[in-house]
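> got a sequence here, can you build the structure:
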Amino acid sequence: MARAVRGQANLIERLDRAFNPLTVAVVGDKRALGYLWLRAMSAFQGPVYSVQIDPAELPGIQELGVTNYPRLQDIPGEIDYVVCSVPREVSPRIVADCIEKGVGAVALFTSGFAETEQEEGVQLQKKLGEMARAAGLLLIGPNCMGIYNPRLGLRHSGEQPAGEAGNAGFISQSGTHCINFSLVGHLHGIRCSKTVSFGNAEVLEASDYLEYLAQDAETEVIGLYLEGLNDGRRFFSLLRETARRKPVVVWKGGQTEAGVRAVYSHTAALTTSSAVWNAAMRQAGALQADSLDQTIDLVKALLYVRPGTGYRVGLVAMTGGQSVVISDAFVKEGLEVPLLTPASYDKLSSFFNVIGGSYRNPLDAGHTVAMGFAPANLQRLLDILDEDTNVDAVALEIGAGFLARRIRDNPAILDALTEALAAFKKRTGKPFLAIVHPAHMEEVMAQVRGRLLDRGVAAFATFQQAARALRKVIAYWRFREGID
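Residues are numbered from 1 along each chain as shown. This is a model prediction of the structure:
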């Protein structure tokens, strides 16, 4: 497919108008959808207009306090961004109205195009693309949810946070994954800068959005969910260039034969073989994920864990049994759990004579954390690992059930723990993260993870998640430093 817009020098400026609109119009929203789009846009900081000709819909739109017009051209002033939610056969008329009005960008929520593999849908999508490219209109989709900018309250779901600026961008061919990244990510301390669901990518494709977010000052980390590419050469070139400046996490859909079939029926995307894809990702320096959870783990680690290039990890566990399991988890993910230096053992020997436990690596710190919890003892353990020249990164388990019960019964313990770990994160020069579990006390543990994230400490739910995220993030920083 031709992509005329990408050769235009002002594409980034035009995309900036789309991602930061001053005015928004919603075309075709209706009661049957629960006025999905008008409700989502209720948080938008600028004027929001409705375009609807069905008289039965007008009272409901009026109840929402939104001014309705029969045509886009009737709206006074400029319109920067339009969401189109009309039947597919009506969509060419709306695109023509957008062109006449001088709209900055239109997101086609409407589906039923090339993803159906039916000739009518394929040709209709082609027609929309030709119209938009000829006029220089930025057409997002079709079959998509469009743009989310929480700072402006520009949303594609009423559940999405609004009014808060973030630093993580997300580009997705799937609307569901795009929304879930913002919602689930928010629970993990990830605040979105800008996201886009772009569906069938008739005019604008992943490379266009990647190029935009690469230069966006608000976006520090970029995540992508991709099902296929129209121009692989351009995408990989941009990815390699971007990854040398900002971390990029890529989650590829369609990694199996069944997944490939599902991809085409979802967004009509053409997939690439796994071997070719994986090799290209490694060469570009991208971090690969296989699920939403992995994507969120990697983005969280990139945002909250200090950069580092060494694979040797100093571990602190709550019990002897957990010391074994955490060691296995980290080593299986390609990390090392080394012996400490003699100087560290000298410091630990007298210390552990007082508090009990083991002082190999991992350190068994159950007595330190659980029996009354003395922040000074935990800080001393962490500082020894911080000073040890055999240790490149530090990971701490906050787990045992007795600790969870103590936190539940005495919230002051959580306050002390949070402050101790936040202070260590601030003073250490090494990557540091926490693993907070067990699952059978998830309510308490979720509270602990949330408090730690609020203080800038990365917190994960399992050893495997933490180890995988840490190893991939370290590999990324090694790529940036030209190591290996």
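> got any ranges where this structure has weak pLDDT?
1-9, 254-272, 351-359, 366-374, 400-403, 439-440 (pLDDT under 70).
> the domain parsing of it - what is it?
Listed domain ranges for the chain are 4-302, 306-481 (source: automatic domain parsing).
> any chance of the ones you listed in a markdown table with mean neighbour count as columns?
C-beta: built from backbone N, CA, C; applies to glycine. Shown next, in a markdown table, are those (neighbours: other Cβ atoms under 10 Å):
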| stretch | mean neighbour count |
| --- | --- |
| domain 4-302 | 20 |
| domain 306-481 | 19 |
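> and residue 157, that one's in a helix?
No - per DSSP: H, G, I helix; E, B strand; the rest coil, residue 157 lies outside any helix segment and is coil.
> for it, which non-adjacent residue is closest in space?
Counting by Cβ to Cβ, 6 or more residues apart in numbering, residue 157 lies nearest to residue 179, which is 5.0 Å off, once chain neighbours are set aside.
> which helix or which strand is home to the one you found?
Secondary structure from DSSP states H and E places residue 179 in helix 175-187.
> and the contacts of that helix?
Under the contact criterion Cβ atoms under 8 Å, 6 or more residues apart in numbering, helix 175-187 has outside partners 144-145, 148, 150, 156-157, 159-161, 168, 170, 172, 190-192, 195-197, 199, 223, 225, 251, 292, 295-296, 299-300, 450.
> separation between the residue nearest to residue 157 and residue 160?
According to Cβ to Cβ, to the nearest Å, residue 179 and residue 160 sit 7 Å apart.
> now swap in residue 18 and tell me
17 Å.
> before we move on, what about residue 444?
27 Å.
> ranges for the helices of the stretch 1-150 of the chain?
11-19, 36-40, 58-63, 91-101, 119-135 (DSSP state H, counting those that start in this stretch).
> I'd like to know which elements the last one is packed against.
Under the contact criterion of 3 or more Cβ pairs under 8 Å, 6 or more residues apart in numbering; DSSP states H and E, the helices and strands touching helix 119-135 comprise helix 91-101, strand 138-140.
> do you know how far the closest residue in space to residue 220 that isn't next to it in sequence is from residue 217?
Spatial nearest neighbour of residue 220, chain neighbours left out: residue 167 (4.2 Å); criterion: Cβ to Cβ, 6+ apart. Residue 167 is 10 Å from residue 217, where distance means Cβ to Cβ.
> who are the neighbours of the helix of greatest length in the chain, in terms of helices and strands?
If you go by DSSP state H, the chain has its longest helix at helix 463-481. The contact analysis (3+ Cβ pairs under 8 Å, 6+ apart) places helix 463-481 against strand 287-289, helix 292-304, helix 320-332, strand 393-398, strand 432-436.
> what residues does it touch?
By Cβ under 8 Å, 6+ apart, helix 463-481 touches 243-244, 247, 285, 287-288, 293-294, 297-298, 300-302, 305, 307-311, 313, 325-326, 329-330, 332-335, 392-393, 395, 397, 431, 433-435, 460, 484.
> again, 7 Å this time
244, 247, 285, 287, 297-298, 301-302, 305, 307-309, 311, 325-326, 329-330, 333-335, 393, 395, 431, 433, 435, 460, 484 (Cβ atoms under 7 Å, 6 or more residues apart in numbering).
> do the same with stretch 320-339
With contacts defined as Cβ under 7 Å, 6+ apart, stretch 320-339 is touched by 311-313, 315, 317, 358, 361-362, 364, 390, 397, 399, 463-464, 467-468, 470-471.
> repeat that for stretch 290-297.
By Cβ under 7 Å, 6+ apart, stretch 290-297 touches 177, 180-181, 184-185, 188, 190, 223, 249, 251, 289, 460, 465, 468-469.
> how about stretch 85-103?
26-29, 37, 71-73, 78-79, 82, 84, 106, 108-110, 112-113, 124, 127-128, 131-132, 135, 137, 139.
> swap in 8 Å and give it another go.
With contact meaning Cβ under 8 Å, 6+ apart, stretch 85-103 is reached by 25-30, 33, 36-37, 71-73, 75, 78-82, 84, 106, 108-113, 121, 124, 127-128, 131-132, 135, 137, 139, 142.
> one step back: quick one, the helix holding residue 179 and helix 292-304 angle?
40 degrees (axes from the mean of the first three to the mean of the last three Cα atoms, to 10 degrees).
> and the next helix or strand past helix 175-187?
Counting by DSSP H and E, what follows helix 175-187 is strand 192-197.
> so which elements touch that next one?
Checked by 3+ Cβ pairs under 8 Å, 6+ apart, strand 192-197 has strand 146-148, strand 168-172, helix 175-187, helix 206-215 packed alongside it.
> now with 7 Å, please.
strand 146-148, strand 168-172, helix 175-187 (3 or more Cβ pairs under 7 Å, 6 or more residues apart in numbering; DSSP states H and E).
> of all the ones you listed, which lies closest to residue 386?
The closest of the helices and strands packed on strand 192-197 to residue 386 is strand 168-172. By Cβ to Cβ, the value is 27.8 Å.
> mind listing what that closest one pairs with, with the direction of each?
Taking DSSP bridges as the criterion, strand 168-172 forms sheet pairs with strand 192-197 (parallel), strand 221-226 (parallel).
> ok so, going back, how much does the longest helix of the chain deviate in direction from helix 292-304?
Going by the same axes, to 10 degrees, helix 463-481 makes 50 degrees with helix 292-304.
> tabulate the helices of the stretch 1-150 of the chain in JSON lines, adding columns for distance to residue 426.
Shown next, in JSON lines, are the helices of the stretch 1-150 of the chain (distance: least, Cβ to Cβ, whole Å):
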{"stretch": "helix 11-19", "distance to residue 426": "33"}
{"stretch": "helix 36-40", "distance to residue 426": "38"}
{"stretch": "helix 58-63", "distance to residue 426": "50"}
{"stretch": "helix 91-101", "distance to residue 426": "50"}
{"stretch": "helix 119-135", "distance to residue 426": "50"}
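> and residue 344, which of those helices is closest to it?
Of these, the one closest to residue 344 (Cβ to Cβ) turns out to be helix 11-19, at 49.7 Å.
> just how off-centre is that closest one within its chain?
Between the centre of helix 11-19 and the centre of its chain there are 21 Å (Cα atoms, centre = their mean, to the nearest Å).
> quick one on the thing from earlier: for the strands paired with strand 168-172, give me TSV that also has distance to residue 381.
What follows is those, written out as TSV (distance: least, Cβ to Cβ, whole Å):
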stretch	distance to residue 381
strand 192-197	36
strand 221-226	31
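> I'm done for today, thanks for sticking with me.
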